[in-house]
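**Q** How does the following fold in three dimensions:
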Amino acid sequence: MRLWTSVEIASATGGSASDDFEVSGVTFDSREVGPGDLFLALKGEASDGHLYLDQAFGQGAAGAVVHSQTPHPHVMVSDTAAALDALGRAARARSSAKVIGVTGSAGKTGTKEALFAALDRIEPGYAHRSVKSYNNHVGVPLSLARMPRTARFGVFEMGMNHAGELTALTRLVRPHVAVVTTIAPAHMGFFRDESAIADAKGEIFTGLEPGGTAIIPFDSPHRDRLIAAARPHAEHIVTFGLGEGADVHVLESMRARAGGTFVTARVLRRELSFTLAQPGGHWVSNAMAILAAVDAVEGDLEMAGLALAELGGLAGRGARLAVAAGSGEALVIDESYNANPASMRATLQVLAQEAGRKIAVLGEMRELGEHSEAFHAELSGPIEAAGVDYAILVGEAMSPLAEALEGRIDFVHVPDAAAARERLEAVLAPGDAVLVKGSNGVRLSTIVAALTERAPA
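**A** Predicted coordinates:
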């Protein structure tokens, strides 16, 4: 499918095209280039995309955006990073899709993926979303530039770790619906307190299109702060939560026999019953935000419920894997992508529901600033409440938690992922349930990858 022509790219970026060409995809990573793609030769701190032009075209690139001469088909611009922003803006300007923006301290990617699944179920083949966690100043315009001109729905994740970043991103995305999943102490090293995080997340509302809808967590202590941030920009404000008071809330929930949760929810003036494939109270809350967003874009709620019933786990964000363990197998809950105090508590509650011996492999939480020691130590309560039988604590920042757990449960404190993997493999037994969670930089995903290689047939 034609995504862009060289004439359109030149017009959007203010550049000049060397040839007539068409592209069907866009990327700035030479390793991801496939036949028909546009390669954006971005210059970063560590590398310059122009050095990979031959590789990109060898892999089938149809054209490139460059700021220095090349014999390959290209659009010449003065600044390739600015050209990426311009291409994202042009994609948004030409689109008639209903656009949803998602941010929050936790649950952004899972909510974005679930929203995409719901909307794709409603309009198969006409929903678009940002892939992976492309939620920053490069990933967001790239995701916009990849949006097909025929898309009817677009879902974009937006992240930040400093004030002001979401303002720039949301003005690129220009959502019709803006969702804040939750406010929690993530990136506390860059903020004075949680209220400042709430203010930064509330920036997403500044990009709302006229007539737009703000979707806000009712159960958050920062609810009123978020509502105040939304009022100048949103025509409609919808709250979601687990109990009464929220516009979209849970009427009843119970654990489903095959895992997950059976939920009856009130969505404004309607009731809906569905099975949520993902286990855990945090996913029930996310589901309320998803239903609120689907309703805001006039989507089919029943179809959305079917999509939530079929939703698989995401790698690093709740995927459930059966791996070989001795003569049998063990369950691994892969939450290795990232961690903050709120998401740690939520996933420990998921582990608590599993049968068998409970093992928690927990990596340190980063970017918590002066609050780091207290936040790590405070995990001792949720670990005990979850009935964890054995914990493997990974990283120097876990020292306060190790001190807090001394004499309370069986645990070991190791310096890195390699040591944690060695320890886990030494104790893993059939029937175990293992939670693997930590900040991405701890690289606990390597433990999951090693265990997956020995997955039972």
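**Q** helix/strand/coil for the spatially most central residue of the chain?
**A** Nearest residue to the geometric centre of the chain (CA atoms, centre = their mean): residue 109, 1.7 Å. Three-state assignment for residue 109 (DSSP: H, G, I helix; E, B strand; the rest coil): helix.
**Q** you'd agree residue 295 is in a helix?
**A** Yes - under three-state DSSP, residue 295 falls within a helix.
**Q** what are the phi and psi angles of the residue lying closest to it once chain neighbours are set aside?
**A** Distance criterion CB to CB, 6 or more residues apart in numbering; nearest residue to residue 295, sequence neighbours excluded, is residue 267 at 5.5 Å. All C-beta atoms are positioned from the backbone trio N, CA, C, and that covers glycine. Backbone geometry at residue 267, expressed as degrees, to the nearest 10, gives phi -110, psi 90.
**Q** thinking residue 267 is in contact with residue 248, fair?
**A** Yes - counting by CB atoms under 8 Å, residue 267 touches residue 248, with 5.1 Å between them.
**Q** which one in the protein is furthest away from the centre?
**A** Max radial position in the chain (CA atoms, centre = their mean) goes to residue 71, at 38.5 Å.
**Q** Which pLDDT does the model give that one?
**A** The predicted structure scores residue 71 at 96 on the pLDDT scale.
**Q** Is there a neighbour count for the nearest residue to residue 181 once chain neighbours are set aside? I'd like the number.
**A** Nearest residue to residue 181, sequence neighbours excluded (CB to CB, 6+ apart): residue 104, at 3.0 Å. When neighbours are defined as other CB atoms under 10 Å, residue 104 has 25 of them.
**Q** Settle it for me: which of residue 267 and residue 248 has more neighbours?
**A** Shown here are residue 267 and residue 248; by other CB under 10 Å, residue 248 has more neighbours (25 against 19).
**Q** if we can go back for a sec, ok, the residue nearest to residue 181 to residue 229 distance?
**A** From residue 104 across to residue 229, the span is 14 Å (CB to CB, to the nearest Å).
**Q** How about residue 314?
**A** For residue 314 relative to residue 229 (CB to CB), the value is 29 Å.
**Q** Equivalent analysis for residue 89, please.
**A** Counting by CB to CB, the gap from residue 89 to residue 229 is 24 Å.
**Q** Tell me which of the two has more neighbours.
**A** More neighbours surround residue 229 than the other of residue 89 and residue 229, with 23 against 19 (other CB under 10 Å).
**Q** Tell me the secondary structure at that one.
**A** Relying on three-state DSSP, one would call residue 229 helix.
**Q** show me what contacts it?
**A** 198, 199, 202, 203, 205 (CB atoms under 8 Å, 6 or more residues apart in numbering).
**Q** What's the local residue count around the first one?
**A** Residue 198 is flanked by 23 other residues according to other CB under 10 Å.
**Q** so it, which of the three states?
**A** Following three-state DSSP, residue 198 is assigned to helix.
**Q** Could you find the closest non-adjacent residue to it?
**A** Here the residue nearest residue 198, using CB to CB, 6+ apart, is residue 222, at 3.8 Å.
**Q** Much appreciated, bye for now.
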